[in-house]
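>>> 3D, please:
(chains A and B)
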Protein chains: 2
Amino acid sequence: MTSPQPSPIADALRLPNGPVDLTAVETDAAPGFDGAKADGKAALTAMGDELADLQERLWAERTVGSERRVLLVLQGMDTSGKGGVLRHTIGLVDPQGVRITSFKAPTEEEKRHDFLWRIEKGLPDAGYIGVFDRSHYEDVLIARVRGFADPDEIERRYGAINDFEARLVDDGFSIIKCMLHISADEQKARLVERLANPEKHWKYNPGDLDERALWPAYREAYEVALERTSTDVAPWHVVPSDKKWFRNLAVGQILLDTLRGLDLQWPAADFDVAAETERLAEEDPVQ
Amino acid sequence: MTSPQPSPIADALRLPNGPVDLTAVETDAAPGFDGAKADGKAALTAMGDELADLQERLWAERTVGSERRVLLVLQGMDTSGKGGVLRHTIGLVDPQGVRITSFKAPTEEEKRHDFLWRIEKGLPDAGYIGVFDRSHYEDVLIARVRGFADPDEIERRYGAINDFEARLVDDGFSIIKCMLHISADEQKARLVERLANPEKHWKYNPGDLDERALWPAYREAYEVALERTSTDVAPWHVVPSDKKWFRNLAVGQILLDTLRGLDLQWPAADFDVAAETERLAEEDPVQ
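As a prediction, the model looks like this:
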């Protein structure tokens, strides 16, 4: 099996090896896409049928024992649009074949285990597109910024994550990692909007501003995490996300590229089609 | 809180009390809806925004401690279109707020427990729309037809189901039960179509014809189950499902009615909005 070429968008967003400087990534750009907002929205909608078709093939494969599945990891600062991607991009495919796992602050029970314990439990079964809304990366992001773990433990985790993800890939996972990258100004505008709209107050938490004040520390933590954990089998994509339409389109395109790369075929019948057809034609009347 | 009037569709499909005769229900009708296929599809699409809005309100409520949630139970013979409802109707709402649980033949572990054990584990959390693709009703349907349990145990289960569902409603569940009702002829046409299309072979199982031969026994088992378990707090709807567009529309309409009946409000802010707005405006520059 040879994988098709990645699309221009996926190609442009895939993180190259080496040191990462997020300040050098324009958050309001639309790399790899020639078109304006309306074109981008139309392009995403146009993907829907193929995404749904490929997802159904992935789902069908599991009925004949395939272990393949997709895991999309979404990371980003508050308001970067993880929920928007779930609604607008993942919303394009059949909900039967999707498993979304949201990772909040760990519970007391989760804290008593290794950081990957709860992650394992949230993995998608064969045939599914799993989506992580936040993930094991929180354990090297907020955990590093807030000092929730010792530096030695944080250091250990980068390698543990790479080992974990390599094992998943060996087990049939295709892993897509997307960092939704917004500017501090864009986050401010989105928080202002939430505060101005009573229908969005439930999304706001005063703690959001405390996290925001740590923006440079988060940026550094992301840069380290991206550099240390972008591997050949599970590379990172940095998705400019000030433009919501481009963010949704870009994640959709990377997902589509990934599914195309699996060369998914409809399973062949494991029964005698002609015999079954005859049996159905000749059955006694059913009332 | 007063519930709004049910729509004409929901009103027409709600099972009246008393003995049930499924042969008297036209499977290719579209009761409560004046319009053809194109109108029905347009009506379903037109529901999307309101369904999504109400679902987001349900989801938002959980952030302030609400225990409310919706459980949609889908039952029906093979090919009746449970998967189609999931794709076309449930696909209209944000996948973040949906939990789909499919019940297959019970595992050995599941068989060692009471029949409701695995059902409890599949229930949606607060804020979710949960969907059961098959359900605890299999334990009085196939279990009755195939004799997987003694008649005494089957008899006990009707009451156990009613007690179980009443408890769920007390706990904040709104339960919607839909039997997707197709004719034997329509099932035959759909099986013929599956056999004729290699892309659908994976959906076909020779065992489907063995179940089909038991059609009258299944009809009787459904009639008994519907009569015994249609209660004021969790009534059944019999959805004529030969017309796929009507089936999808009808389930969407009943779901919409249910969400409207919850009188869902956006949660009020539990913080000082003015103070937070000022804090955001006066923050130090973030880079």
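>>> quick one: the residue lying closest to A:L15 once chain neighbours are set aside from A:D257, how far?
With C-beta to C-beta, 6 or more residues apart in numbering or on different chains as the measure, A:W236 is the residue that lies nearest to A:L15, at 4.4 Å, once sequence neighbours are left out. Where C-beta positions appear, they are placed from N, C-alpha and C, glycine not excepted. Note on A:W236: its distance to A:D257, by C-beta to C-beta, to the nearest Å, is 15 Å.
>>> So between these two, which is more surrounded?
Legend: neighbour count by other C-beta atoms under 10 Å in any protein chain shown for A:W236 and A:D257, higher for A:W236 (23 against 18).
>>> Can you read off the backbone torsions of the more buried one?
According to degrees, to the nearest 10, the main-chain angles of A:W236 amount to phi -90, psi 150.
>>> and it, what does it touch?
Remark: with contacts taken as C-beta atoms under 8 Å, 6 or more residues apart in numbering or on different chains, A:W236 is in contact with A:R14, A:L15, A:K177, A:C178, A:M179, A:L226, A:T229, A:S230.
>>> ok, now A:I90?
Counted by C-beta under 8 Å, 6+ apart, A:I90 has contacts A:L72, A:V98, A:I100, A:I129, A:V131, B:P95.
>>> Helices of chain A, residue ranges please.
Assigned by DSSP state H, the helices in chain A fall at A:8-13, A:37-61, A:82-88, A:108-111, A:117-121, A:142-145, A:151-170, A:184-196, A:207-212, A:215-229, A:244-261, A:273-281.
>>> mind putting the ones you listed in CSV, distance to B:D114 included?
Formatted as CSV, those follow (distance: least, C-beta to C-beta, whole Å):
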stretch, distance to B:D114
helix A:8-13, 49
helix A:37-61, 31
helix A:82-88, 35
helix A:108-111, 26
helix A:117-121, 24
helix A:142-145, 42
helix A:151-170, 35
helix A:184-196, 46
helix A:207-212, 43
helix A:215-229, 45
helix A:244-261, 40
helix A:273-281, 37
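>>> Could you identify which of these is most buried?
Most buried of the helices of chain A, by mean neighbour count (mean count of other C-beta atoms under 10 Å in any protein chain shown): helix A:244-261, with a mean of 23.
>>> Show residues contacting it.
The set of residues external to helix A:244-261 that reach it, using C-beta under 8 Å, 6+ apart, is A:3-4, A:6-7, A:9-10, A:13, A:29-30, A:32-33, A:37, A:40-41, A:43-44, A:47, A:50-51, A:54-55, A:58, A:70, A:72, A:74, A:81, A:84-85, A:88-89, A:92, A:129, A:174, A:176, A:178, A:180, A:237, A:239-241.
>>> again with stretch A:33-49
When contacts are taken as C-beta under 8 Å, 6+ apart, the neighbours of stretch A:33-49 outside the stretch itself are A:8-9, A:30, A:88-89, A:92, A:243, A:245-246, A:248-250, A:252-253, A:256.
>>> How far does that stretch sit from its chain's centre?
Stretch A:33-49 has its average C-alpha position 19 Å from the chain's average C-alpha position, going by C-alpha atoms, centre = their mean, to the nearest Å.
>>> got it, and stretch A:136-150?
20 Å.
>>> Leaving out sequence neighbours, find the closest residue to the residue of the stretch 1-150 of chain A found nearest chain B.
The shortest separation between the stretch 1-150 of chain A and chain B is 4.3 Å, found at A:A60 (distances taken as C-beta to the nearest C-beta). In this structure, A:A60 finds its nearest non-sequential neighbour in B:W202, 4.3 Å apart by C-beta to C-beta, 6+ apart.
>>> and stretch A:137-148, C-alpha only, in CSV?
Taking C-alpha atoms only, stretch A:137-148 is exported to CSV below (Å, rounded to 0.1, in the frame of the first residue of the first chain):
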residue,chain,number,x,y,z
TYR,A,137,-0.6,16.3,26.5
GLU,A,138,-2.2,18.2,29.4
ASP,A,139,0.2,16.2,31.5
VAL,A,140,3.2,18.0,30.0
LEU,A,141,1.4,21.3,29.5
ILE,A,142,-0.6,22.5,32.5
ALA,A,143,1.3,20.0,34.6
ARG,A,144,4.5,21.7,33.6
VAL,A,145,3.2,25.3,33.8
ARG,A,146,1.5,24.8,37.1
GLY,A,147,4.1,22.4,38.6
PHE,A,148,1.6,19.6,39.1
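>>> Contacts (any at all) between chain B and it?
No - contact check for stretch A:137-148 against chain B, using C-beta under 8 Å from any C-beta of the partner chain: none in range, with a minimum separation of 14.0 Å.
>>> In the stretch 1-150 of chain A, where is pLDDT below threshold?
With pLDDT under 70 as the threshold, the stretch 1-150 of chain A has low-confidence stretches at A:1-3.
>>> Give the residue spans of the stretch 151-287 of chain A that score low on pLDDT.
Going by pLDDT under 70, which is the cut-off in play, the stretch 151-287 of chain A has low-confidence ranges at A:287.
>>> What residues does it have near chain B?
So the stretch 151-287 of chain A meets chain B at A:184, A:188, A:191-192, A:195-196, A:198-199, A:201-206, A:209, A:212-213, A:215-216, A:266-269, A:271, A:273, A:276-277, A:279-280, A:283-284, A:286-287 (C-beta under 8 Å from any C-beta).
>>> go with 6 Å
A:184, A:191, A:195, A:199, A:201-202, A:206, A:215, A:266-267, A:269, A:271, A:273, A:276-277, A:280, A:286 (C-beta under 6 Å from any C-beta of the partner chain).
>>> Over to stretch A:23-36 now: how far is its first residue from its last?
24 Å (C-alpha to C-alpha, to the nearest Å).
>>> how far out from the middle of the chain is that stretch?
Taking the mean C-alpha point of stretch A:23-36 and that of its whole chain, the gap between them comes to 19 Å (C-alpha atoms, centre = their mean).
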